[in-house]
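Peer 1: sequence and predicted structure, then a few things I'm wondering about:
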Amino acid sequence: MPQSIQTFRLDNGLSVVVESMPHLRSAAWTLLVAAGSATDPDGQSGAAQVLNGMVYRGAGERDARQLSNALDDLGVQRGGGVGVEYTTLSGALLADDLENALALYADIVRRPQLPEAELDAERALALQAVQSLNDNPTQRLFVELGKAYFPGPFGRSTLGEVEELQRIDHGSLQRDHAARYRPEGGVLAVAGGVEPERVREIAERLFGDWQDAPPMPPQPQVRTEPFYQHLPQDTNQTQIAVAYPSLALAEPDYYHERLALNVLSGGMASRLFTEVRTKRGLVYSVFAAPRVYRSLGLVLGYAGTQPDRAQECIEVLLDTLQRISEGVTQEELDRARTGLLAALVMQGESTGARAGAMASDLFLIGRPRSLDEIRGAIDGVTRESLNAYLAQHPPHDFAVLTLGPSPVEVASAV
Amino acid sequence: MRYDQHVLPNGLTIVGEYNEDAQSMAVGFFTRTGSRDETPEISGVSHFLEHMMFKGSERRSAEEVDLEFDAMGARYNAFTSEENTVYYGAVLPEFQERLIDLLTDMLRPSLRQDDFDTEKKVILEEIAMYKDRPQFTVYVFARETYHHGHPLGNSVLGSTESITALERDQMLAYFRRRYAPNNMVVVLTGKYDWDAAVKQIEQTCGGWEQGDASRTITQPDALELERMQPDSKRDRVYLAAVAPAPSAQDATRYAAEVLAEALGGGEGSRLYWALVHPGLADSANMDYSGEDGAGAFYVYASCDPERTTEVIDLIRATLATAQNDGLSDDQIARARRKLASALVLRAETPMGRLVTVGFDYVYRKRIEPLNESVDRLLAVTNEDVAALLHERAFEKLTLVGYGPLAEAS
């Protein structure tokens, strides 16, 4: 059945995008506000995280318990969280109750009570999340890689920092909410058994008189020379992470990058899995994945292995990544294409996945991509065009981070 | 929705839940085997064998298995638990025949020695990886302590020692014993072609030989005890509490699900208000796990080391209060509503529905239609939950802790 996506833009700058999936009884939404760790007030890293927790502690006329009960009465499956560029407040439920749920979320995002008495409890949760990082070495590795790759605000941990979380007080929290939970540049994406016009009416009524724009995020600063850093920790596996530049979604060659990445790390026949795991048994987990921001993109690679094999593992990992510049075979490209398209069709069966993908598209490029558009773009990549692109744009400027009992040698060539 | 079922003469059962509106179809081979069916000498063999199934057959090399999955653009994987091993894939309907061909071929593996030796290294890496995850360590510790010798406490991964010592011939013998067609169920969901699937599975699996793959069902003997496993390398303390619950075959399992949701189903649950909302613990959850002839409630929490005693006391108090005073009608209503909506949302995709449908059949020999499951959940009353609480399961609480604990108790 053909996809039915409609986009509306409210006068206040909030985009509303709806995909109607009429055979479903369920519906999901993602409400995105442009408040992420990159725009946390200076000296208050973690402010978006604390704010996102606080808005659920009472909103409109309801205190925390009444609000939670009201959401549970509707059977809302709650989701969302804080990223670098934005915060999402998402949920899913039976489609009949969507309007009531969105009314509660209008209170949560626009009229939170932000009770002063509960700030310390929320801060305690945020501090515990930071203090859990040593017990979650892979998560710690990627937090540190972000800081090393983006020297400025873009590299901040979304979890915040212990000393800076301590600086958040009730006044700063209220100011932060007033400044950053604003409609301009935000998105309400809805997918499921819903009528697009009806969703538009609901959005107008609940969000139409919301005003103003959040502060613009700073332009990301990227460390442009390759580097290697080791974090000593007494772990069972050495954790290896690598980041290198790729493209933003809006750039014309984006799908060349995306397909090349699928050749490297799609299914079990992809190059990284084959070289690092299947042939050599060096790891359980190895992957490379895209990370896309509004103005740039990068690739994040990972492998975890026991310390005595870390040197071999990092050499195979980096060598496999670099050799993509020598080109791909027609069979590899065909598999990458089939894999991406099948994943998109299957994503199209899930209301939550569709709402999330549309919200992300609206934020990143200002419009939703349809399945047909993506299929066309993917079909436009040939083996010749991809190999020419890869020869001209080999993976470069690797930022490498390891975590474990001892460092490895990383060739200066990277 | 339409429900299909067919049993081959050798006992292999094929079941399906057809959904005309789906864009994809999923296939799963559910094998009734896991770590509870292992002896100590072969600890971890079920999970290791699951990995080996991807290493090829008479017809395919390991590389060819991977290539075939990826050529279809399949979403695929496998998992092993204490009592089930499941191999599954989801594809666009045009690839149904190829997916079934691949899965049926994989499940008669060659178990080549060189593949076995390489994959053993992967398993040892997986064991090392989980040693760096304290949430997993406390899960294994809790199951082992609660079951104290009962096979449901067996580790799925096995140990570095048991995997290192394991030989190919031991795995082959285990495979022959457990992967009999009468111990397996093929499950289809989504937009599939039933007649074609049955015909194809009959042709490829009809010759598989039946065997005695039975399992001894006994009840674990729940004990009230507390055990601590100190580890100064951790920054935080990880707690688990386990108590007896209805089995997967028990009609009161819906009441058990509602009770676990009301007490520990995340935000809005009693453990959430007692521990997470005030910031005393950064997580506190409760699950109900219905197993073959047994079952248990599992509570998990993590906290600052200095709050350990306080958090343990609050977990105990939350469970005791529920047991003594019961729950309110409102709490029951919200819990069943949340569970029902989660069930409906999971059913959006054939892949999401596959495991629910598969375990329905594996445990209860009947697929329960989605609407019936929703109705049964919504029909759970406060009296049903009170009857469950009346058994006073939380008096037999096994409580364990892992992390930087001052002293072992």
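Peer 2: Right, received. Where do you want to start?
Peer 1: just the pLDDT for B:M1.
Peer 2: We have a pLDDT of 88 for B:M1.
Peer 1: do the same with B:E407
Peer 2: Here the pLDDT value assigned to B:E407 is 49.
Peer 1: okay, now residue 273: neighbour count?
Peer 2: Went with chain A since none was named. A:F273 has 22 neighbours, counted by other CB atoms under 10 Å in any protein chain shown. Heads up, the C-betas are built off the backbone N, CA and C, glycines and all.
Peer 1: try again with chain B
Peer 2: 16.
Peer 1: tell me how far it lies from B:L314.
Peer 2: Using CB to CB, to the nearest Å, one obtains 10 Å as the distance from B:W273 to B:L314.
Peer 1: now do A:E116
Peer 2: With distances defined as CB to CB, the gap from A:E116 to B:L314 amounts to 24 Å.
Peer 1: which of the two has more neighbours?
Peer 2: The residue with the greater number of neighbours, taking A:E116 and B:L314 and applying other CB under 10 Å, is B:L314; the counts read 20 against 13.
Peer 1: list the contacts for the more buried one?
Peer 2: B:274-275, B:280 (CB atoms under 8 Å, 6 or more residues apart in numbering or on different chains).
Peer 1: may I see the residues you listed organised as TSV, with secondary structure and pLDDT added?
Peer 2: Formatted as TSV, the entries for the contacts of B:L314 read as follows, by DSSP: H, G, I helix; E, B strand; the rest coil; pLDDT from 0 to 100:
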residue	secondary structure	pLDDT
B:A274	helix	98
B:L275	helix	98
B:L280	coil	98
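Peer 1: how about the contacts made by the residue of chain A most remote from its centre?
Peer 2: Relative to the centre of chain A, the most outlying C-alpha is that of A:D308, 33.1 Å out, by CA atoms, centre = their mean. Contact criterion CB under 8 Å, 6+ apart gives no residues in contact with A:D308.
Peer 1: same thing with B:Y402?
Peer 2: The contact partners of B:Y402, by CB under 8 Å, 6+ apart, come to B:134, B:137-138, B:141, B:228-229, B:231, B:234, B:237-239.
Peer 1: drop anything exposed from the residues you listed.
Peer 2: With burial judged by 16 or more other CB atoms under 10 Å in any protein chain shown, the buried subset of the contacts of B:Y402 is B:134, B:137-138, B:141, B:228, B:234, B:237-239.
Peer 1: as a markdown table, these with distance to A:V328 and pLDDT would be great.
Peer 2: Supplementary listing: these in a markdown table, determined by distance: CB to CB, whole Å; pLDDT from 0 to 100:
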| residue | distance to A:V328 | pLDDT |
| --- | --- | --- |
| B:P134 | 40 | 98 |
| B:T137 | 41 | 97 |
| B:V138 | 44 | 98 |
| B:F141 | 46 | 97 |
| B:M228 | 53 | 96 |
| B:R234 | 44 | 96 |
| B:V237 | 49 | 98 |
| B:Y238 | 44 | 98 |
| B:L239 | 49 | 98 |
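Peer 1: returning to that earlier point: by neighbours, which of the contacts of B:L314 wins?
Peer 2: For these, counting by other CB under 10 Å, the largest number of neighbours falls to B:L275: 26 neighbours.
Peer 1: what is the burial count for whatever residue of the stretch 301-414 of chain A ends up closest to chain B?
Peer 2: Nearest residue of the stretch 301-414 of chain A to chain B: A:A342, at 3.0 Å (CB to the nearest CB). In terms of burial, A:A342 registers 21 neighbours under the definition other CB under 10 Å.
Peer 1: ok, it to B:L354 distance?
Peer 2: Plainly put, A:A342 is 16 Å away from B:L354 if you go by CB to CB.
Peer 1: give the buried residues for stretch A:197-204.
Peer 2: For stretch A:197-204, by 16+ other CB under 10 Å, it's A:199-200, A:202-203.
Peer 1: which bits of the stretch 151-300 of chain A sit near chain B?
Peer 2: Within the stretch 151-300 of chain A, the positions adjacent to chain B are A:234-237, A:266-270, A:273-274, A:277-285 by CB under 8 Å from any CB of the partner chain.
Peer 1: ok, of the residues you listed, which come out buried?
Peer 2: A:235-237, A:266-270, A:273-274, A:277-278, A:280-285.
Peer 1: check what pLDDT residue 162 gets.
Peer 2: In the absence of a named chain, this looks at chain A. As predicted, A:V162 sits at a pLDDT of 98.
Peer 1: oops, chain B please
Peer 2: B:S162 carries a pLDDT score of 98 in this model.
Peer 1: where does the stretch 301-414 of chain A dip in pLDDT?
Peer 2: Counting by pLDDT under 70, the ranges of the stretch 301-414 of chain A that qualify are A:412-414.
Peer 1: please tell me how far stretch B:48-66 is from the chain's geometric centre.
Peer 2: Once both centres are worked out by CA atoms, centre = their mean, to the nearest Å, stretch B:48-66 turns out to sit 23 Å from its chain's centre.
Peer 1: enumerate the positions of that stretch that are buried.
Peer 2: If you call a residue buried by 16+ other CB under 10 Å, then stretch B:48-66 has these buried ones: B:48-57, B:60, B:62, B:65-66.
Peer 1: list of residues touching that stretch?
Peer 2: For stretch B:48-66, the surrounding residues in contact (CB under 8 Å, 6+ apart) are A:267-269, A:273-274, A:278, B:68, B:78-80, B:85, B:87, B:102, B:105-112, B:115-116, B:119-120, B:122-123, B:158, B:163, B:166, B:171, B:174-175.
Peer 1: what does stretch B:207-219 give?
Peer 2: Outside stretch B:207-219, the residues within contact range by CB under 8 Å, 6+ apart are B:10-12, B:32-33, B:36-37, B:83, B:108, B:150, B:176-183, B:292-294.
Peer 1: rerun at 10 Å
Peer 2: Defining contact as CB atoms under 10 Å, 6 or more residues apart in numbering or on different chains, one finds that stretch B:207-219 is touched by B:8-12, B:31-34, B:36-37, B:83, B:104, B:107-108, B:150-152, B:176-184, B:244, B:247, B:249, B:291-295.
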